[in-house]
Structures are given as structure tokens and as C-alpha cells.
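Asks: sequence and computational prediction follow.
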Amino acid sequence: MSDLTTLDIHGSVAVIRTDSPPVNALAAPVRAGLLRALQRAEADPAVQAIVLTCAGRTFHAGADIHELASGPVSPTLQDVLLSLEGTRKIVVAALHGTTLGGGLELALTADYRIAADASTVGLPEVLLGLIPGAGGTQRLPRAAGVAVAVDLITSGRQMSALDAQQAGIIDRVVPSDQLTAAAIDWAQALVAHGAPRRRLSDDSVPGSMTDNLATLDAVARQQVKPWSRLDAPQAACRALHAAITQPFAEGVATERAEFLGLLKGSQSRALRHLFFAERAVAKSRWISASAVGREWRTLGIVGAGTMGSGIALSCLNAGLSVHLVENHAQALERGLSTIRGHYESRVATGKLSAEAAAARLTCLTTTTDLASLADCDLVIEAIYENMEAKLELFRQLDALCKPDAILASNTSYLNIDAMAAVTTRPSQVLGLHFFSPAHVNRLLEIIRTEHVSESTLASAMAWSKRIKKLGVVVGNAHGFVGNRMLAPRQREADKLILEGALPWEVDRVLEAFGLPMGPFRMRDLAGMDIGWNPATTASATVRERLCEIGRLGQKTKAGYYDYDDQRRATPSNVAQEVVLRFSAEHGYVRRAVSETEILERCLYPMINEGARLLAEGIAERASDIDMVWTTGYGWPTWTGGPMHWAETVGWATIVERLEVYAALYGAEFTPCDALRQWAAPASQPGV
Ligand code: COA
């Protein structure tokens, strides 16, 4: 037997147990071990039933994602499943943990399935740009019907064991600590009662073909927009169509062809890259494995504006106590009503029970007295972006907070070392940069200040998980990682509309690329007047001019676009006039700007900035940048994030285009040294 798979005989039952940490992924050695164990059990006349089980935290959590990069390796999972289907013995799969992907396909090929009560099952391949490739799209609808199958396969979501039992995927659910014994007893009982073999491949999909096709069609029609750029859910629907309309063997062949097509495609490569990028982010080189953090339980937030209230919501949702502080009672009341309004709407839409909402609100205290933060473990300032005001606040907080309290800034751009420097505790000062809307957006940039301690960073990383954020440790630089890369894009977008493009043309190109919103639509949404001062405005930019005539964006129903009551945007003639006049006054001779130029001039300088961030050590890895942008800014996941995408474009191509633009439009396009180096073969950053 392989070291990873053992076979033990219990009376007439052979227990095949795989132990391949961390998640018993179905890598080649595991598949080989399973195959050998199945052959041995088959050959043993004393064995009448087989129990498939796993040691450790979970039954098989799917294929080994590392291995997918090299294409199918023998023996394949299909080889194992064929052997399973071919055996004359009854097979019981005993599931615990997260039975996912190939793990569930294996279980669905067994005759009977028993699961631990706390476990879940799912076919998450779509999240990796794939579909199940070993019969999952054919067996699941046979077990659970088309509606359940299309939901699980196209969403990738996990289902609890109890729900899976209701759906017909699992036969029995038992307490976790009784799983193996219950599986063996059940297998023995099945043998004793002469229970038949039960192969889903012998069944057809329940329900009439017409109804099943209608169900599939209805889901596909509902999802036209979200799926429009994604290959995998559409392929899943084609495989499910085959399950409904073709005999099992043909359906399996259709599924396999779809799977192999996706495996070769760029989307799956990109999404698999993001899977590992997300896990890498949790391991910052600034936090050693032995670093011990502290748990932050009581939290103070200074500033009850949009960001402060959103941060408060994130923490309340995680069951933490929050003290929210504002200078003035009115501002505090506004913050409180934002938070209350959020919970009221969650309750009204049935997303949260009234009791749970009330419980969360009891963890919130609001006050205008800064001194009430004295006992907080962590205080986050979320006041307006003014360095002097922040420095003064840090001085005050340092004086009144308990000695081991951590002080954090939610600034989007400002120098946090300067804030740390006015305190007596620089090792306990860091940045916690949330992204709007803070209770929805998963990204949290954890900004490493010069003197911050490892323990403070470790606490921040653990806390980010507690509040369900993706914490990415980044260096302290103007705009950190995300906003620093955003700046050149905005700069070019602003220039392009003076040279000849119109705001909606720029937006359209970037939205067609896959960004949720172009730069001008985004500015309208955020508010054109962020950082604009009516007292000092000087008509120096198109944006200032729009603000001066009251076009502040969506909130005034007018910005670059006009907005109707449903917030639908139409290009504004007034804004166009402002752009054209400004452009003429500043001596631009407008010209036709191609879509390629818009895309390259907006995105390639971002890549250049990303390379600089890496060279300066502000970003730790190229894949961290990809996580920042896909999680925080809606960069299309199917491209793998800006740096992975750049690698697919080719570093040399990007350098070459930047040089062309530098010659035409100026030094800000000049490729940085790091980017030039990557463009040389054999010195790439390993995105
Ligand atoms: N193949 C290879 N490695 C895998 C893996 C897989 N299918 N699933 C998890 N891992 C690795 C992770 O990369 C991580 O490795 P690391 O510690 O070196 O970073 C480790 O297992 C633990 O995974 P992690 O996600 O950190 O643990 P978790 O407890 O939060 O989640 C799972 C466990 C199984 C739910 C989650 O890892 C997951 O969803 N895996 C993918 C399942 C999947 O998509 N299967 C179908 C593949 S086609």
C-alpha cells in the first residue's frame, strides 16, 4: 500500500483510509494508492464491502490544484472512478470536513454516502475557472435533480451535510466522532441485508426532460450578465444539458471535453493563480511563524462618517464591541443612523433576524468623549484626510489610551510614520486601510510602519481574518499599493479626455476590459468634490470646473454623466461642453483616440507603478498586488489581477509600448528599471 493510503479489514469490510495533509487532495500518489487499495479489496474474497475514508481535517477536498497546471497525469481520477464502478463490492463513502470537487465526485461514484454532521460538500471548480471533470456534472443531477445541481455547480458554493441529505446527495448524517464506526456498521448491515449496488450512472436525471431543460434555461437567463465574461459557468450549463439529454457515457465525454478546454484556457490559469495568491498573502515575511499577536476585542473608532460607520459595521458583524466617537452629536447621530439603517434593511430583506440585529447593536456605544476610548485594545482613526488634524488626534490618543493599546490610521494616502512619530508607542502604530464600502469590500491594507512590532502586525493579520477581511501587509508609501497604482490611471484618463476622447469613451473601454466602473463613472459615484474646496477652487481642471457648476456626481444627479432617479447614467452634454472648452483653452488639438491607446495608456502605467512598488519593497509579491486589485478594486478575476495579466501580455510588449508613449507624451511613461529587467528573458518576477 502507498504510505498515503492504507487498507484495514474489519470483518467483511475493507476500510480504505487516505492520509495526505493538509486536505487529502487527490494528487497522483493518492490516486495511485486508492487504485491499488481498491484492486486489493476487490481481489480479497473475504471483503464484501468497502468504506472510503480520510484522516485529518477533511475527506478529499478535490484535485491537487498544483497538478492541474501540468494537465492530466496517470492514473487519472477517472481511472479510480472506473475501478470503483467496476467493483463487485458495496462501497460506502464516509465524508467529513469539506468534501469538494473530485472528493465529491469520488463519493458520488460510491454506492452510499454517510457524512459527519458538521461537514459540507460542494463542487467549487467554477471558482477556479473549471467544471467538474470526473462525472460531477452527470452524477450530481442524477442524485439531486437539475435545480440543485445547477446551483451548486455554477455557484461553487458549499452545502451543509444536512442540506445535502435533504437534497439526496448524502444518505445518512451522523455525529462527527462516530463517522468511521457508523460507516463500518452500515456497510456490514448493507451486506447482511443483501443491499444492491447503487450506481448513479445507471439512473437517469429525475423529472421530465422538458422541465429540466426549462430549469437550466431559466438559471442561464437570470445569470446572463454575471456570466457574460466567464467561460466556466457556461461550460457547466452545456455539461448539464448533456446530463439531461444524453446517455451517461456520452454526457461524461461531453463534460470531459469541456473540462479539458477550460483547463487549457487563460481564465482557469488566472483563477488558480489567485487561489494561491490569496493563501500567500496570509504569509507575510514581516510576520514570522512564531510571532505571537494579541486578540483585539474592544475597538474604538474616531470619526463616524462613511468610512468610520462602515468599519464599525464590519466589527459589529464579527461580534466585537465598538465605541464610536465623533466631535459633534449631530455627526455622531448621522453615523448611528447609517449603522441602524443598514441593520434595518438587512432585517427587512430577511438577511438577518431582528434578534441578531439587536444583539449587534448592543455591542455599539456612541459618544463625543474621546476619553471613553481609554480601555480599547485598538483605536482606528477615520477622520478627514488632514495631516495636522490626524497628528493632533494621535497625540491625544497616545496620552489617554492604555499603554498596550494599538493606534491605527485609516488614511488612504498620508504618511503613517509621521503619525507614529508623535506618539510614545511607535511600535504599536500602523495603518488599517479599509476600502469603501468598508463593511462590504473585503480588502484591508495593513500598513507596516517603520517601527511597528511583529506582534502588532501578527495581531492585525489575525484580526483581519476575524472581521472577514483579506489583510495584505504593505509598506508605508503615498497611496500604499492600491491607490498608488490607481493614480497613474486617473492621470492618463484625465489627459485622454483633453486630447480627444470623451469620458464615456474611456469608461467604456475599461469596462469592456472587465473593470466594474470606468474612472469617470467611479468619480461620479465617489463624489467629485472629494478634496475640492469651494473657497480655493481655481477652474484648474475639468473636475474643478464641474464642481464649480454644482456637478458633484451622482449625489447631485450630475457629474460627467446625468443621472435619473434610478441612478442610470447618460453622457452629459454639459460635461462634454466643459471638457471641450477646457481642452481648447489649454491649446489641445483634439484627435481621434483609439480604444487600444485608451487601454494601454490607462493600464500599462499601472503595471509600471506595480513594478516600482515591488522594487521598493512596498508590495511583497506581485501576487499581493493582484489580490489588492481583484479584491479591493474589482479588477476582473478572470485576468488574474494586473500583474498576472501583464505577464500574459508580455513584459517586453509593455516596456516597448511604454517607451513609445514616453517618446510621445512624456517621462511619466518611462518604464522603471524593474520592469525593464523583467522584460529580459529569465528574470521575471514569478507572478
Ligand atoms: N489542491 C492543492 N492544495 C490545496 C487544495 C487543493 N485542492 N486545497 C487546499 N490546498 C492547500 C492550500 O493551498 C493551503 O496550502 P498552504 O498551507 O501551503 O498555503 C492548505 O491546503 C490549506 O488550505 P486553506 O485554504 O488555507 O485552508 P482552509 O481550511 O481555509 O480551507 C479548503 C480548506 C479545502 C476549504 C480550501 O482550501 C479550498 O477551498 N480548497 C480548494 C478546493 C477546490 O477547489 N477543490 C477543487 C479543485 S479542482
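Replies: Everything's here; your move.
Asks: roughly how far apart are Phe259 and Ile131?
Replies: Phe259 sits 6 Å away from Ile131, going by Cβ to Cβ, to the nearest Å. Just so you know, the C-beta spots here come from the backbone N, C-alpha and C atoms, and that holds for glycine as well.
Asks: mind listing the shared neighbours of these two?
Replies: Listed as contacting both Phe259 and Ile131 by Cβ atoms under 8 Å, 6 or more residues apart in numbering are Ala235.
Asks: which of those two has more residues huddled nearby?
Replies: Ile131 (30 against 24; other Cβ atoms under 10 Å).
Asks: so the more buried one makes contact with Glu125?
Replies: Yes. Distance between Ile131 and Glu125: 5.4 Å, which falls inside the contact criterion (Cβ atoms under 8 Å).
Asks: which residues touch the residue lying closest to Arg591 once chain neighbours are set aside?
Replies: Setting aside the residues directly before and after it, Arg591 is nearest to Gly500 in space (Cβ to Cβ, 6 or more residues apart in numbering), at 4.5 Å. Contacts were defined as Cβ under 8 Å, 6+ apart; by that measure Gly500 touches 588, 590-593.
Asks: 6 Å instead, please
Replies: 590-591, 593 (Cβ atoms under 6 Å, 6 or more residues apart in numbering).
Asks: low-confidence regions, the stretch 451-600 of the chain specifically.
Replies: Counting by pLDDT under 70, the stretch 451-600 of the chain contains no low-confidence range.
Asks: now name the helix or strand holding the closest residue to the ligand within the stretch 251-400 of the chain.
Replies: For the stretch 251-400 of the chain and the ligand, the shortest gap (Cβ to the nearest ligand atom) falls at Arg279, measuring 3.8 Å. Taking DSSP states H and E as the definition, one finds Arg279 inside helix 266-281.
Asks: buried set for the helix or strand encompassing Leu397?
Replies: Assignment of secondary structure by DSSP H and E places Leu397 within helix 387-400. Taking 16 or more other Cβ atoms under 10 Å as the basis for neighbour counts, the residues of helix 387-400 that come out buried are 390-391, 393-394, 397-398.
Asks: do stretch 509-528 as well
Replies: Counting neighbours by 16+ other Cβ under 10 Å, one finds that the buried residues in stretch 509-528 are 509-510, 513, 515, 517-528.
Asks: which of the residues you listed sit farthest apart?
Replies: By the measure Cβ to Cβ, those have their two most distant members at Phe513 and Gly527, which lie 24.4 Å apart.
Asks: elements contacting the host helix or strand of Leu546?
Replies: Leu546 belongs to helix 542-548 when assigned by DSSP H and E. Taking 3 or more Cβ pairs under 6 Å, 6 or more residues apart in numbering; DSSP states H and E as the contact definition, the neighbouring helices and strands of helix 542-548 are helix 573-585.
Asks: which helices and strands sit right next to the helix it packs on?
Replies: Helix 573-585 is packed against helix 542-548, with contacts defined by 3+ Cβ pairs under 6 Å, 6+ apart.
Asks: after the helix it packs on comes which helix or strand?
Replies: strand 561-563.
Asks: so how far is that following strand from its chain's centroid?
Replies: Counting by Cα atoms, centre = their mean, to the nearest Å, strand 561-563 is centred 31 Å from the centre of its parent chain.
Asks: same question for stretch 567-584.
Replies: Chain-centre distance of stretch 567-584: 35 Å, with Cα atoms, centre = their mean.
Asks: which of the residues in it are buried?
Replies: Neighbour counts using 16+ other Cβ under 10 Å place 569, 572, 575, 578-580, 582-583 of stretch 567-584 among the buried residues.
Asks: same question for stretch 69-79.
Replies: The neighbour-count check on stretch 69-79 (16+ other Cβ under 10 Å) flags 72, 75-79 as buried.
Asks: again, but for stretch 412-420
Replies: Neighbour count says stretch 412-420 has 412, 414-417, 419-420 buried, by 16+ other Cβ under 10 Å.
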